[in-house]
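Engineer: Take this sequence and fold it.
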Amino acid sequence: MDKTERLAHYAVIALAVIALVAAMSLGEAILAPLTLALVAGVVLSPLSDFWENRGYSPVWGALLGLAATLLVAGTLVLTFQPVVARLVVQVPKVWSDMQEVVHSLRGLMRGLSAVSEGVADAITPEAHAATATAEESVAMPSVADALMAAPAILSQILIFAGSLFFFLLTRSEIYGWVARHLSSACGRVELAQRLRRAERHVSRYFLTITLINAGLGAITATVLQLLGLPNAMIWGVVVFMVNFVVYLGPAVLMTVLLFVGVAEFDGLVALAPAAAFLMLNTLEGQFVTPALVGRHMAINPLLVFLALIFGLWLWGPIGGIVAIPLLLWVLVLNDAIRAPGNQGAAPPAESR
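Structural biologist: Sure, this is the predicted structure:
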């Protein structure tokens, strides 16, 4: 193959990748809940194996996994609702407190130079107009908005539930079909073993991270309760959820906690909730997660970050949730990460 043919080959591959990404973006309404269901099915696979190994029909394992997933999802939705409602109610107070801070800073600037005083006077009307507009524009979605969004949300829930149930029910047949059609006769057993190994890695990783996030949420809720923050237990649940979206989730939550601190407290105490979460999250990311996840599960941080950004850009929050499990699944499938008992060196960088 000469240079021209090689470039043409690479160009075709690049066009195919672009077309695939475009198709994934256009099919978000179907592909996002479908992919989330497949990832959830892989995570819940030990539960199905547990029932099957005891002689029960795979239907029972699939039903139990589906029921547990929907129960957890419903509980989280009900838990988040009062947090969102409280934040919306507190918006005017936050704007008012921020205005006081801005006026204080302007006073200091006036004392420093006449130029700063002119700048402050110039921007004061715009600041008041922005504040008034923000206070007037805050409104909860109407009943009509909810009714318009209901069919789309319901269809995605049905896609997720159906895909999860049938994947748990038939995943052994799916792995067998993939092994038969994507490898030669001599490589079918090896491919089936890789699929199972990737499934175990993703499930073990997700279970470990879930336990770590639960502990972080409980400790954060206790600290916020000691600080006197209302709904501290609910904020613990929020910490548990957002920490699955590594890097960006904690960063967004720290900003929200800063917002909440300004709404609930005065003075420097307003910084305490965000500062407490920053300290706890740093300890978790630097010491707890590397110790419990282990180096055999290590992933290059750049790959983690790029996968997360791509998932969020492509499918929003769902993409952020499935990005890391899918990345780990692909790496294990390609033997970039091996089980502790297998030969091969693991990458040195930690994923968290």
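
Engineer: Least confident secondary structure element in this structure?
Structural biologist: Within the chain, no helix or strand scores below helix 114-137, which has a mean of 48 by mean pLDDT, DSSP states H and E.

Engineer: For the most centrally placed residue in the chain, which non-adjacent residue is closest in space?
Structural biologist: Centroid-nearest residue in the chain, with Cα atoms, centre = their mean: V245, separated by 3.0 Å. Counting by Cβ to Cβ, 6 or more residues apart in numbering, V245 lies nearest to G320, which is 4.4 Å off, once chain neighbours are set aside. Where C-beta positions appear, they are placed from N, C-alpha and C, glycine not excepted.

Engineer: Tally up the residues packed near that neighbour, please.
Structural biologist: 24 (other Cβ atoms under 10 Å).

Engineer: close enough to count as contact, it and L248?
Structural biologist: Yes - taking contacts as Cβ atoms under 8 Å, G320 lies within contact range of L248: 6.9 Å.

Engineer: any shared contact partners between those two?
Structural biologist: Applying Cβ atoms under 8 Å, 6 or more residues apart in numbering, one finds that G320 and L248 are jointly contacted by L308, L312.

Engineer: now the helices: where do they sit in this protein?
Structural biologist: 3-26, 28-43, 45-53, 58-112, 114-137, 143-181, 188-227, 232-242, 248-264, 272-283, 289-293, 301-315, 317-333 (DSSP state H).

Engineer: can you tell me which of these the model trusts least?
Structural biologist: With a mean of 48, helix 114-137 has the lowest mean pLDDT of these.

Engineer: Could you pull up the residues touching R188?
Structural biologist: A179, R180.

Engineer: Could you measure from it over to P151?
Structural biologist: Computed as Cβ to Cβ, to the nearest Å, the R188 to P151 distance reads 43 Å.

Engineer: now L280
Structural biologist: For L280, the distance to P151 equals 41 Å [Cβ to Cβ].

Engineer: who has more neighbours, the two?
Structural biologist: Using other Cβ under 10 Å, the more surrounded residue of L280 and P151 is L280, with 19 against 9.

Engineer: correct me, but that one touches A218?
Structural biologist: No - the pair L280 / A218 is not scored as a contact, 10.6 Å apart, by Cβ under 8 Å.

Engineer: Return the distance of stretch 189-196 from the chain's centre.
Structural biologist: Computed by Cα atoms, centre = their mean, to the nearest Å, the separation of stretch 189-196 from the middle of its chain amounts to 28 Å.

Engineer: actually stretch 48-61, sorry about that
Structural biologist: Centroid displacement of stretch 48-61 relative to its chain, using Cα atoms, centre = their mean, is 30 Å.
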